[in-house]
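Asks: Okay, structure incoming, though there's no sequence with it:
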């Protein structure tokens, strides 16, 4: 036997209960030995995160960490835990909504029976006397129907006003928590994905810079200095590590907050479901069922639930993992090395033309980089942005101790070999060290990678410089300039040159 009924409102965002409800014996009180529908098959731990997004209650793809190619973060596991609670409470709400519907349908059915047995029947009055046992049967059926109608109506009212209403409140609380966690996860994934993409591009640029630095001609400078490219990789990696550390610290607070949230949630669920087992009509009508609910609720321990979750899910995900390490391709290539670095003074090109101290780095890739104060600290995430960069493969270097100069002073001339219009054919840089030793260290280092190093020749004056005398013209060509494929040139020591 089945009945049609319609409730005034849909529940849970569109669950329409204007369905056909089976009779009480089928819908609520299945007889012993009746077949039980199989539950959903359990998933192994390695299958949990391979479930399609569409099957997990329409989760936003941006919060599907694994699908984005990112390592699962423990904070994501907390979000999944919250989604699990949301799914459970949603099913509980549906369960008791349907029970309330079934009780309403049964109350309606029994009330209809009581009404029918209460109506006078002239046909039966003619057929049966007042003392007939048939009239006694009618009276019993009428009384039972009225009692059952009242009982089921009371159960339906208790379910709607207590359990279903309490579960609706819990659903709102969980939805708010899930929305917050998913927003944080979405922002976290966007940030991690952006950092990963930037790092991948920086590594690709480093690979190209190393490759082209070994090519002769103007191709060597197409992607700039491999050292700068490597510093950019380190800088982006350092920023990612700083964010990683911040996420690790935040995770500690998230775990503590979620533990409190879950304890409160379990307590509220117990109150909502204990209300079912405490309904007197249910205890009388289905004592075994009520006892089972009460037994399971008494076994729900917040500490044990949290410990089990941490042991089997949260702790197995480890800490927030980095998507990259310091061991990337090209990190130890000779061309990303430094030949010499330190402070040196350069004469300005303004009207005053005074010497001003800067920090310089001479790299194995053949560049001289100028920084205003000090070398940038990649571990702090500082950008490797030199105020000036000179490709020494296009430069000629005058010797120390040349005519009309201080002993510590030397000149570097950069020639425009790219053939670009509207550029001067050459630029001249004048340097001086704080001591002769400092100047010599820089001069030797630059000489090891510059295209041409001019030498001092004997012309009757100890300060005569090559190119300024008409008697002898000698030049020293750096092996690093003529063999650009060499991974790192050794500094040319004074007095040792190629003719």
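Replies: Cool, got the structure. What you see is a predicted model; the values in this text were computed from it and never measured.

Asks: tell me the average confidence for stretch 428-445?
Replies: Taken as a whole, stretch 428-445 has an average pLDDT of 94.

Asks: for stretch 115-127, that is, sorry about that
Replies: Stretch 115-127 comes out at a mean pLDDT of 90.

Asks: Pull the residues that contact it.
Replies: 134-135, 138, 141-142, 145 (C-beta atoms under 8 Å, 6 or more residues apart in numbering). Every C-beta, even on glycine, is put in place using the N, C-alpha and C of the backbone.

Asks: So which of those are in helices?
Replies: 134-135, 138, 141-142, 145 (DSSP state H).

Asks: Write the PyMOL selection for whichever of the contacts of stretch 115-127 are buried.
Replies: Those of these that count as buried under 16 or more other C-beta atoms under 10 Å are selected in PyMOL with:
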select buried, resi 138+142+145
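
Asks: What is the lowest-pLDDT residue among the contacts of stretch 115-127?
Replies: Lowest pLDDT among the contacts of stretch 115-127: residue 135, 86.

Asks: For the nearest residue to it once chain neighbours are set aside, give its distance to residue 137.
Replies: The shortest distance from residue 135 to any non-neighbouring residue, by C-beta to C-beta, 6 or more residues apart in numbering, is to residue 128 (6.0 Å). Distance, residue 128 to residue 137, using C-beta to C-beta, to the nearest Å: 10 Å.

Asks: thinking again about what came up before, now, which of the contacts of stretch 115-127 sits nearest residue 446?
Replies: residue 145 (107.2 Å; C-beta to C-beta).

Asks: Name the residue closest to the centre of the protein, please.
Replies: Closest to where the C-alpha atoms of the chain average out (C-alpha atoms, centre = their mean) is residue 189, at 3.2 Å.

Asks: quick revisit: need the max-distance pair from the contacts of stretch 115-127.
Replies: It's 134 and 145 that sit farthest apart of the contacts of stretch 115-127, by C-beta to C-beta, at 16.5 Å.

Asks: that older thread, closest to residue 306 out of the ones in helices among the contacts of stretch 115-127?
Replies: For the ones in helices among the contacts of stretch 115-127, the nearest to residue 306 is residue 145 (49.4 Å; C-beta to C-beta).

Asks: give the contact list for the closest one.
Replies: 110-111, 113-114, 117.

Asks: Now do stretch 75-84: distance to the chain's middle.
Replies: 14 Å (C-alpha atoms, centre = their mean, to the nearest Å).

Asks: actually stretch 340-347, not the one I wrote
Replies: 42 Å.

Asks: Same question for stretch 155-165.
Replies: With C-alpha atoms, centre = their mean, you get 42 Å for stretch 155-165.

Asks: buried residues in that stretch?
Replies: Here stretch 155-165 shows 155-160, 162-164 as buried, counting by 16+ other C-beta under 10 Å.

Asks: name the helices or strands packed onto the helix ranked longest in the chain?
Replies: Determined from DSSP H, the single longest helix within the chain is helix 226-277. Here helix 226-277 touches helix 74-118, helix 165-213, helix 287-299, helix 302-309, strand 355-363, strand 367-371, going by 3 or more C-beta pairs under 8 Å, 6 or more residues apart in numbering; DSSP states H and E.

Asks: got the angle for it vs helix 302-309?
Replies: Comparing the axes of helix 226-277 and helix 302-309 via axes from the mean of the first three to the mean of the last three C-alpha atoms, to 10 degrees yields an angle of 140 degrees.

Asks: What mean pLDDT does helix 226-277 get?
Replies: 88.

Asks: Repeat that for stretch 198-217.
Replies: The model assigns stretch 198-217 a mean pLDDT of 90.

Asks: starting at the chain centroid, how far to that stretch?
Replies: Worked out by C-alpha atoms, centre = their mean, stretch 198-217 lies 27 Å from the chain centre.

Asks: ok, now stretch 430-437?
Replies: The answer for stretch 430-437 is 50 Å, by C-alpha atoms, centre = their mean.

Asks: go on, stretch 250-259?
Replies: That offset, for stretch 250-259, works out to 17 Å (C-alpha atoms, centre = their mean).

Asks: got the contact list for residue 413?
Replies: Taking C-beta under 8 Å, 6+ apart as the test, what residue 413 contacts is 395-398, 426-429.

Asks: Could you export these to CSV, including columns for secondary structure, distance to residue 444 and neighbour count?
Replies: Below are the contacts of residue 413 laid out as CSV (DSSP: H, G, I helix; E, B strand; the rest coil; distance: C-beta to C-beta, whole Å; neighbours: other C-beta atoms under 10 Å):
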residue, secondary structure, distance to residue 444, neighbour count
395, strand, 15, 25
396, strand, 16, 23
397, strand, 10, 24
398, coil, 14, 24
426, strand, 23, 13
427, strand, 22, 15
428, strand, 20, 12
429, strand, 17, 18
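
Asks: Could you find the closest non-adjacent residue to residue 160?
Replies: In space, residue 160 is closest to residue 100, 5.2 Å off (C-beta to C-beta, 6+ apart).

Asks: what's the spacing between that neighbour and residue 291?
Replies: 20 Å.

Asks: These two: which is more packed in?
Replies: For residue 100 versus residue 291, neighbours defined as other C-beta atoms under 10 Å are more numerous around residue 100 (22 against 12).

Asks: Could you measure from that one over to residue 187?
Replies: Counting by C-beta to C-beta - residue 100 and residue 187 are separated by 40 Å.

Asks: swap in residue 161?
Replies: Distance from residue 161 to residue 187, by C-beta to C-beta: 40 Å.

Asks: How about residue 448?
Replies: Applying C-beta to C-beta to residue 448 and residue 187 gives a distance of 49 Å.

Asks: between the two, who's got more neighbours?
Replies: residue 448 (24 against 12).

Asks: Surely that one and residue 339 touch.
Replies: Yes - with contacts counted by C-beta atoms under 8 Å, residue 448 reaches residue 339, the gap being 6.4 Å.

Asks: Would you state the helices of the stretch 301-450 of the chain in chain order?
Replies: Taking DSSP state H, counting those that start in this stretch, the helices of the stretch 301-450 of the chain run over residues 302-309, 436-447.

Asks: How far does the last one sit from its chain's centre?
Replies: Pointing back at helix 436-447 there. Counting by C-alpha atoms, centre = their mean, helix 436-447 comes out at 48 Å from the chain centroid.
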